[in-house]
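>>> Generate coordinates for the sequence data below:
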Amino acid sequence: QVQVVESGGGLVQHGGSLTLSCVTSGFTLDYHTIGWFRQAPGKEREGVGCISSSDNRTNYVGSVRGRLTISRDNAKNTVYLQMDSLNAEDTAEYYCYARGRFTASDYWGQGTQVTVSS
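Below is the predicted model of the structure:
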């Protein structure tokens, strides 16, 4: 059974930090690129960054570059999203997405809420 479970969300003050985790099971994490997405109320879901399955190369959208860091520990079937210097615009539901490198598989998590207070 495939599972993608995010955790670590919560309420944080402006300028604070938070680390989200994405724990996977039921598929081989090593063979999947992982993306982090977020969706704020009234807005479309947007990608914030991803980490490749082949060489752990990361890419980030411009608005978060330098403040968010994605890493992975395949042995623990976990991907992390370290978020620093948070501001109100980062308030959103954050989702983890896994896309297969060799297969057409793709999986979404249920999301975790991040709220940044001003």
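>>> Just read off the phi/psi values of the residue nearest to residue 97 when sequence neighbours are not counted.
Ranked by CB to CB, 6 or more residues apart in numbering and with sequence neighbours excluded, the top spatial neighbour of residue 97 is residue 35, at 4.4 Å. All C-beta spots, glycine's among them, are computed from the backbone N, C-alpha and C. Here the main-chain torsion angles of residue 35 (degrees, to the nearest 10) amount to phi -120, psi 150.
>>> For the residue sitting nearest the centre point of the chain, give me its contacts.
Averaging the C-alpha coordinates of the chain gives a centre point, and the residue nearest to it by CA atoms, centre = their mean is residue 36 (3.1 Å). With CB atoms under 8 Å, 6 or more residues apart in numbering as the criterion, the residues that contact residue 36 are 20, 22, 47-50, 68, 70, 79, 81, 94-97.
>>> Any chance of those residues in TSV with pLDDT as columns?
Below are the contacts of residue 36 laid out as TSV (pLDDT from 0 to 100):
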residue	pLDDT
20	98
22	98
47	97
48	97
49	98
50	97
68	97
70	98
79	98
81	98
94	98
95	98
96	98
97	98
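>>> Tell me who's in contact with residue 82.
Residues in contact with residue 82, defined by CB under 8 Å, 6+ apart, are 17, 19, 68, 69, 70, 71.
>>> Help me confirm that it is found in a strand?
Yes. Residue 82 sits within a strand when classified using DSSP: H, G, I helix; E, B strand; the rest coil.
>>> With residue 117 as the reference, measure out to it.
Summarising the geometry, the distance separating residue 82 from residue 117, computed by CB to CB, to the nearest Å, is 19 Å.
>>> do residue 100 as well
Applying CB to CB, the value for residue 100 to residue 117 is 38 Å.
>>> more neighbours, these two?
residue 100 (15 against 11; other CB atoms under 10 Å).
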